[in-house]
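Q: From the sequence below, what's the structure:
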Amino acid sequence: MKETTQQGMRVKGTRVAIDEKAVQSFFARRHEKKLPHRWNYATFQDANPDLALVRDVAEKEKILPLLDIHPGMRVLDIGCGVGRWSGDILAAGADYVGVDYTQSFLDIAAEAQPPTSHCTWVCSDFQHVGMALKEREIPVPFDRILINAVFMYINDEDIPKCLSETDRLLARGGRLYLRESVSHTDRLTLDGIYSEELTSNYSAIYRSIREYADYWKRYLPGYRVLKEDERAKELVIRKETTSYAWLLQK
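A: As a prediction, this is how the structure comes out:
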């Protein structure tokens, strides 16, 4: 079902592409807003900013023990935003590389966590992350990779390349943590829909949990699912979408 208005296009069930340049432009302008918490720039909740802090605590309490990060490990955070995971990973004694395609987010991240020999910030999109790491002479593979709410902004045609590259960058025995906003039923695509909460046009693809499970099976063969679950319902305020996470081991 497709609904087109002057404020954009909303499509239920059918596979359509979003304008990725418009998505990148949306994020590039986020730093212009006056938001109360650093996390809000990348995790939104503009109308309920404290929710981002509650979600952050709840997610890390559940996921950090499962990531099982030890001193000397190397962690790659794809779509790191303003560096929400950097402090926890560095505190565990691991080296951290945060990658995002929004330079203003990386500037905010670097202000809070200046780059060191153990912390590196890299500006790149997901599709070219391997090339960006090579240009910076950052060694691979990594022991852990985090991908948080990135695939929802990537069209179907690019997902095989992104997952193949992820597989190349993860060491054997390494763990891959993925969290995405998903549709409760069939996929929902927003392409340039105006959001009153974000006061901007917004685009995203909310795929089903089943679709993502099929992607992992097809492009990450042999990976074992260690954990998967939905975010606690009291932390989700959307009617048609929810947040779902997977922890895979190579």
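Q: Next secondary structure after the top strand by length along the chain?
A: Ranked by residue count under DSSP state E, the longest strand found in the chain is strand 170-183. As assigned by DSSP states H and E, the chain's next helix or strand after strand 170-183 is strand 188-195.
Q: picking up where we left off before, helices and strands around the longest strand of the chain, which ones?
A: helix 50-67, strand 142-148, strand 200-206, helix 209-219, strand 241-249 (3 or more Cβ pairs under 8 Å, 6 or more residues apart in numbering; DSSP states H and E). Every C-beta, even on glycine, is put in place using the N, C-alpha and C of the backbone.
Q: Report the contact partners of residue 163.
A: Neighbour list for residue 163: 215-216, 219-220 [criterion: Cβ atoms under 8 Å, 6 or more residues apart in numbering].
Q: can you do 6 Å?
A: By Cβ atoms under 6 Å, 6 or more residues apart in numbering, residue 163 lies in contact with 219-220.
Q: With respect to burial, which of the helices and strands packed on strand 170-183 scores highest?
A: Among the helices and strands packed on strand 170-183, strand 142-148 has the highest mean neighbour count (mean count of other Cβ atoms under 10 Å), at a mean of 23.
Q: Report the inter-axis angle for that strand versus helix 50-67.
A: 150 degrees (axes from the mean of the first three to the mean of the last three Cα atoms, to 10 degrees).
Q: tell me the average confidence for strand 142-148?
A: On average, the pLDDT along strand 142-148 is 97.
Q: Averaged pLDDT, stretch 178-188. What do you get?
A: For stretch 178-188, the mean pLDDT works out to 91.
Q: Dig out what the closest residue to residue 245 other than its chain neighbours forms beta bridges with.
A: Using Cβ to Cβ, 6 or more residues apart in numbering and skipping residues adjacent in sequence, the residue nearest residue 245 is residue 179, 4.3 Å away. Under DSSP bridges, the beta-bridge partners of residue 179 are residue 148, residue 245.
Q: One more: the one 10 residues further on?
A: When assigned by DSSP bridges, residue 189 has beta-bridge partners residue 11, residue 205.
Q: next one: the one 5 residues further on
A: Beta-bridge partners for residue 194, by DSSP bridges, are residue 201.
Q: thought residue 144 was touching residue 175?
A: Yes. Residue 144 is within contact range of residue 175, at 5.3 Å (criterion: Cβ atoms under 6 Å).
Q: Which pLDDT value belongs to the nearest residue to residue 249 once chain neighbours are set aside?
A: Distances taken as Cβ to Cβ, 6+ apart place residue 224 nearest to residue 249, at 4.8 Å, with adjacent residues excluded. According to the prediction, residue 224 has pLDDT 97.
Q: Touching, residue 195 and residue 202? I think so.
A: Yes. The criterion here is Cβ under 6 Å, and residue 195 meets it with residue 202 at 4.4 Å.
Q: Tell me the spacing between residue 229 and residue 187.
A: Separation of residue 229 from residue 187 (Cβ to Cβ, to the nearest Å): 20 Å.
Q: Likewise for residue 211?
A: From residue 211 to residue 187 the distance is 7 Å (Cβ to Cβ).
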